[in-house]
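Colleague: build me a model:
(one chain, ligands or ions: 1)
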Amino acid sequence: ARGPVTPSGVYKAGQPLSFFLTKVHGIENKYNRFCTMDVKDILSPEMGNLTASCQFNYMFEVPWLMKQYPQQFRSKPLLLVHGFKGANKASLEADGAAYSNIRFCQARLDMPYGTHHTKMMFLLYDNGMRVVVHTSNMMEHDWFQKTQGMWISPLFPKLSKPSSTLGESPTGFKRDLLEYVGAYQAYQLKDWKDHIFHHDMSSARVFIVGSCPGRHAGDKKSHFGHMRLRRLLHDHGPEKELVRTWPVLGQYSSVGTLGPAKESWLCTEWLQSLATVKGTSCVPLMTIPLQLIFPTKDDVRTSLEGYPAGGSIPYSIHVARKQPYLHTFLHQWRSEGRGRSRAMPHIKTYGRPSPSGKELAWFLVTSANLSKAAWGAMEKKGSQLMIRSYELGVLFFPKFFEVKGAFRTTSDVDSIGGGVFPLPYDLPVTRYSKGDKPWIWDIAHKELPDTNGNMWCPP
Ligand SMILES: CC(C)c1cccc2c(O)c(C(=O)O)cnc12
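Modeller: Numbering: from 1, shown residues only. The predicted structure is shown next:
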């Protein structure tokens with residue numbers, strides 16, 4: 001089936017879920033038609049006449065980024081929000097100095113080992129504003145040979161006067177976005193907070209799930225990280241009976257130190273949040289299958305990029321050695337339906353699929369990898385949640401898209417549309433085969449050559 005080809009045509013065809021993957025070079029065209037967008041599509045004049053923009057991200061290649069904007073938008077004010085310090089900060093600011101329209105905002109990172117992972121665009125037009133929450137760094141290598149995800153908001157029209165209540169969505173999107181941006185406590189973001197105040201975001205149907213560094217206690221404990229997801233699942237999640245035997249699914253491109261045993265954090269605090277159902281978090285965790293998708297060494301070796309794809313999948317041998325229990329939950333990266341089995345994942349997603357994978361009770365696309373730094377770890381007998389990094393994702397519940405019960409899913413591009421959820425990968429998942437090993441980025445891989453005939457010999 002030939003699909004729409006213009007940016008606005010593809011965008012419209014992806015409504016109302018508006019969950020897209022990035023286009024991938026080197027695969028059959030049919031896999032880059034439905035529910036896929038490129039950075040140039042997002043910034044296209046067809047999406048709006050840009051007057052200013054703000055890019056939250058981790059890594060930026062400034063000259064490359066500027067070239068992604070249409071010529072006529074390259075002089076518009078551009079704020080880059082990053083978490084760099086010292087030499088990295090100086091280097092980024094030097095890159096930006098060449099462009100008089102670029103300003104910087106350094107996100108405060110006062111917790112050790114915290115990172116500014118959040119990937120978000122604010123796009124201000126002459127007739128409204130758009131928000132994009134995604135998973136790609138602002139560098140060429142993140143946008144054309146990997147599997148990356150994005151949610152693109154509707155065009156939010158301008159209000160006649162600023163308001164914190166007018167223009168609110170059924171999911172509290174405006175309030176939650178303001179709270180997230182407010183967490184930076186950065187004067188450089190004041191204008192963008194005003195723009196948010198000034199726009200009608202009532203058409204947003206996703207929930208914001210963010211993380212920001214700090215020790216969150218009292219009611220704030222459920223405003224960020226996995227406790228935010230626990231609260232949202234408690235308030236809007238699936239019926240307990242519907243999902244009793246359904247797995248919890250996690251898919252990510254890096255892993256942190258999760259503790260010496262699965263009971264340290266993964267299968268207690270974290271799984272307790274993700275397994276939460278409407279009205280209760282008290283579910284028998286032992287009966288819930290945990291399915292984690294993470295590329296094997298061979299997935300990376302045979303990928304479009306070959307071993308260098310593993311340069312963006314930073315799982316360290318020092319971390320892997322401390323948690324062999326994790327490998328019992330691992331499943332391969334498979335995306336035959338989307339033509340992306342060889343486009344390594346940099347997307348991060350979590351959800352509650354049925355055992356067959358044909359239904360989905362909820363779905364989260366986010367910057368957050370599987371780490372305590374990103375999701376938070378409880379302290380002081382569960383009275384506070386300690387988070388180290390900035391993260392941002394959006395959460396889809398069926399009922400906010402007029403779907404009763406669970407989403408029906410597909411990973412087959414030809415059956416996309418009509419409220420069916422376009423999965424980035426094949427479900428049900430495929431366990432690691434005997435002898436499969438998770439990709440580890442800081443050890444040599446010299447048994448077999450990769451797609452380009454090379455070996456992997458990290459320094
Ligand atoms: C371990 C760190 C330095 C790292 C290595 C490779 C890729 C990374 C990456 O892609 C992100 C990100 O996208 O936020 C963040 N850290 C990344």
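
Colleague: list the buried ones in stretch 173-180?
Modeller: By 16 or more other C-beta atoms under 10 Å, the buried positions in stretch 173-180 come out as F173, K174, R175, D176, L177, L178, E179, Y180. For every residue, glycine as well, the C-beta is placed using N, CA and C.

Colleague: to the chain's geometric centre, what's the distance from it?
Modeller: Here the centre of stretch 173-180 is set off from its chain's centre by 17 Å, with C-alpha atoms, centre = their mean, to the nearest Å.

Colleague: ok, now stretch 154-168?
Modeller: Averaging C-alpha positions (C-alpha atoms, centre = their mean) puts stretch 154-168 25 Å from its chain's average.

Colleague: quick one: mean pLDDT over it.
Modeller: For stretch 154-168, mean pLDDT rounds to 95.

Colleague: only alpha carbons, please: show that stretch as PDB.
Modeller: C-alpha atoms of stretch 154-168 as PDB (Å, rounded to 0.1, in the frame of the first residue of the first chain):
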ATOM      1  CA  PRO A 154      -0.900  18.400  17.900                       C
ATOM      2  CA  LEU A 155      -0.500  22.100  17.000                       C
ATOM      3  CA  PHE A 156      -1.400  23.900  20.200                       C
ATOM      4  CA  PRO A 157      -3.200  27.100  19.300                       C
ATOM      5  CA  LYS A 158      -2.300  30.400  21.000                       C
ATOM      6  CA  LEU A 159      -4.600  31.600  23.900                       C
ATOM      7  CA  SER A 160      -5.800  35.200  23.900                       C
ATOM      8  CA  LYS A 161      -4.100  35.600  27.300                       C
ATOM      9  CA  PRO A 162      -1.700  33.400  29.400                       C
ATOM     10  CA  SER A 163      -3.300  30.900  31.800                       C
ATOM     11  CA  SER A 164      -2.200  28.000  33.900                       C
ATOM     12  CA  THR A 165      -5.700  26.500  33.900                       C
ATOM     13  CA  LEU A 166      -7.100  27.500  30.400                       C
ATOM     14  CA  GLY A 167      -5.700  25.100  27.800                       C
ATOM     15  CA  GLU A 168      -5.400  22.200  30.200                       C
END
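
Colleague: residues in contact with that stretch?
Modeller: Stretch 154-168 is touched from outside by 15, 18, 48, 125, 127-131, 174-175, 178, 194, 197-204, with contacts defined as C-beta atoms under 8 Å, 6 or more residues apart in numbering.

Colleague: among those, which are in strands?
Modeller: Counted as lying in strands by DSSP state E, out of the contacts of stretch 154-168, are Y125, G128, M129, R130, V131.

Colleague: so where do the strands sit in the stretch 301-450 of the chain?
Modeller: 330-331, 344-345, 348-353, 359-366, 377-379, 384-387, 391-396, 407-410, 421-422 (DSSP state E, counting those that start in this stretch).
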